[in-house]
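> Return a 3D structure for these sequence lines:
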Amino acid sequence: MHRVEQLVRHLAVQKGVAESIVPVGVGEEKKSPSQVGAEPAAGSLKDEETPWIPTKWNGWGFRDSVFVLGDDGQIKLTGDRYMFSGQTMPALRKWMEDNAGLNVDDKTPPQPSMEIPAAIRNEAFEAAVKGHYKRMSFDDDERAFHGHGHTCQEIWELRYGKFPRVPDMVLYPGSHEDVEVIVKAAHELDVVIIPYGGGTSVTQALLCPENEKRTIVSLDMKQMAAIKWINHRSMMACIEAGAVGVDLERRLGQYGFCLGHQPDSSEFSTLGGWIATRASGMKKSEYGNIEDIVIKIRMVTPSGTVERKCNAWRQSTGPDINNMIIGSEGMLGVVTEAVVRVRSLPEVRRYGSLVFPDFESGVAFMHEVAMKRCAPACIRLVDNMQFQFGQALKPAVKSWKHAISDKIKKWYVTKHKGFDVEKMCAATMVYEGSHDRVTEQEKEINAIAQKYGGLSGGEENGMRGFMLTFAIALLRDLGVDYCFMAESFETSVPWDSVLELCHAVKEKIRQAARARGVTGTPFVSSRISQTYDTSACVYVYFGFIWKGLENPIQVFSEIEDEARKEILRLGGSLSHHHGVGKLRRHFMPEIITPPGLAMLRGLKKSVDPKNIFANGNLVQVEDEKDK
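Coordinates of the predicted model:
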């Protein structure tokens, strides 16, 4: 990819963060001192202040944060962004060799560039939208950058293949009115629009349909990131759809508020993307999922702007318009802004961790926490494989006192308490709220843990476990460098099937890998990341060595499909929060009856009769085959 570095530098300076705060009114008339508004400020930001830029063109995250194999043969994380940055993990290489089959002699470097198809131009459209965007680009690298997400299949094509279709142009609107003009022109001139937020999709939702002959526009929303107003008394804010998670929290924090929505991708993903995918955050137990946070949505469709007028939380006015938009994955229109519920910044944030003798005990603990509705902001349980993985990621011990302390702790858990290192698992917690509330939560959680043989693992391990989330995708990039391909996916499943599903899906992946000639035992792990009264969100991680396979990515896709079929067989959902996209679209007839799918297609046709938002997500549209 021949101008990636220049493109990254361009992207890094194209937007200023909203810093200039001025009073604005409720609606369009009255002004109130209880509200503040934000407008984009002139100027630019350094890379570290623009977390919405995924700067690697063929992998995840920032260019300065990479897991590498050093000259000393040990693995370290470069850069200084994360808790693990700049540190060597002395146990990680051997652990990956023993448990993932990694062989550092099997280096598989990526291609230096990727062939990009020529753009299909529509001059009439370009003229019609002139003056209604911040930037229009036909740069090949920028087009390719906007034409993919981060599934294993997409990363494979970036490194070793090519995309048959990418956006023909990238537009950066600056206002809701810009978007209205752009969508109207696309409708009149038969141009396809694919909305783009942070590019973090893991469902192939951003891939362009291969047979699409019309001009495809990637509508990048990140120029629209303003906090338009905050209502202090009603605890609401109006925020444009391009606002990125961590940057949004920083800006809200300047006024004593937070949103509390923190998905794994929050360094890059946007409010609009969260709405489009029906997202969930790691702190769901305290702040809710995105559908619990959003009060009102504004979305531009080819038939006009859709929104409800009232900012009241609950309304009995027929089927909920918000819920027709949430999870629509860009097939109906483009979200431009939303009114959301905000919360006061927590007085206290504490981390905690627990270890259990086995996964079954840990699941029983999580179930009781859910039944008693006492979960802290974030509580997650990892199985033994992922627990061992976390231990292998620990950096080198810097003092002899720390080393002795670690040995004493290990002796206490494994010898005195009799925990088996091949069975034990761990839970990590994040507590947020008032000092008294957090203290009471800690007491209740620890009391429940004791019933199931749980022991405290300390605050440092809790923090490390939480922060590890941001490093997992970077580790996948390291694996791909050495013939190891991996992915994670999620589901929601009733409590009575949680254990069976975790065990059965792991075994299904192992069986499917053996049947397709995969050498060695695949890496398979699971965790419970969200809890509800009736069900839990379960993540599955898997990967294997592809060396010797004739078509590795086809084998990978088939194994992933087998795992998903097993999940559905056991009563799990198609997705808890990642969405459907095109990756799982073929499963939709298995989970929704024909009249239900007809309702989705009817909704699509009513607002987008020409299929302008033709990303192909969720359901097959009748005329897709003819395009």
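
> Quick check: nearest residue in space to Ala185, chain neighbours excluded?
Ala128 (3.9 Å; Cβ to Cβ, 6 or more residues apart in numbering). Every C-beta, even on glycine, is put in place using the N, C-alpha and C of the backbone.

> Please apply the same query to Arg585.
Leu618 (6.4 Å).

> per-residue confidence for that neighbour?
The score at Leu618 is 96. That number is its pLDDT.

> can you give me the strands in the stretch 301-450 of the chain?
Assigned by DSSP state E, counting those that start in this stretch, the strands in the stretch 301-450 of the chain fall at 304-306, 334-341, 343-344, 348-356, 378-382, 425-433.

> residues in contact with the first one?
It refers to strand 304-306. Strand 304-306 has contacts (Cβ atoms under 8 Å, 6 or more residues apart in numbering) with His176, Glu180, Ile297, Arg298, Met299, Val300, Ile321, Ile325, Leu332, Gly333, Val607.

> And it, what's buried?
Val306 (16 or more other Cβ atoms under 10 Å).

> Settle this for me: Glu273 is touching Gly197, isn't it.
That one is not Glu; residue 273 is Gly. Yes: at 3.4 Å, Gly273 counts as touching Gly197 under the criterion of Cβ atoms under 8 Å.

> which regions of the stretch 251-400 of the chain sit below the pLDDT cut-off?
399-400 (pLDDT under 70).

> The closest residue to Thr521 other than its chain neighbours: which element?
Spatial nearest neighbour of Thr521, chain neighbours left out: Arg510 (6.7 Å); criterion: Cβ to Cβ, 6+ apart. Element membership for Arg510 (DSSP states H and E) is helix 498-515.

> Can you report the mean pLDDT over the residues of that helix?
Regarding helix 498-515, the rounded mean pLDDT is 98.

> got it, and stretch 74-86?
Here the average pLDDT along stretch 74-86 is 90.

> How far does that stretch sit from its chain's centre?
Between the centre of stretch 74-86 and the centre of its chain there are 21 Å (Cα atoms, centre = their mean, to the nearest Å).

> For Gly418, give me its contacts.
Counting by Cβ under 8 Å, 6+ apart, Gly418 touches Pro357.

> The helix holding Arg510 relative to strand 378-382, how many degrees between them?
Comparing the axes of helix 498-515 and strand 378-382 via axes from the mean of the first three to the mean of the last three Cα atoms, to 10 degrees yields an angle of 50 degrees.

> List the buried residues for helix 498-515?
Residues of helix 498-515 classed as buried by neighbour count (16+ other Cβ under 10 Å): Val498, Leu499, Leu501, Cys502, Ala504, Val505, Lys506, Lys508, Ile509, Arg510, Ala512, Ala513.

> Quick check: closest non-adjacent residue to the first one.
So the one you mean is Val498. Of all residues not flanking Val498 in the chain, Ala536 sits nearest, at 5.4 Å (Cβ to Cβ, 6+ apart).

> Can you classify that neighbour by secondary structure?
Secondary structure, DSSP: H, G, I helix; E, B strand; the rest coil: Ala536 is strand.
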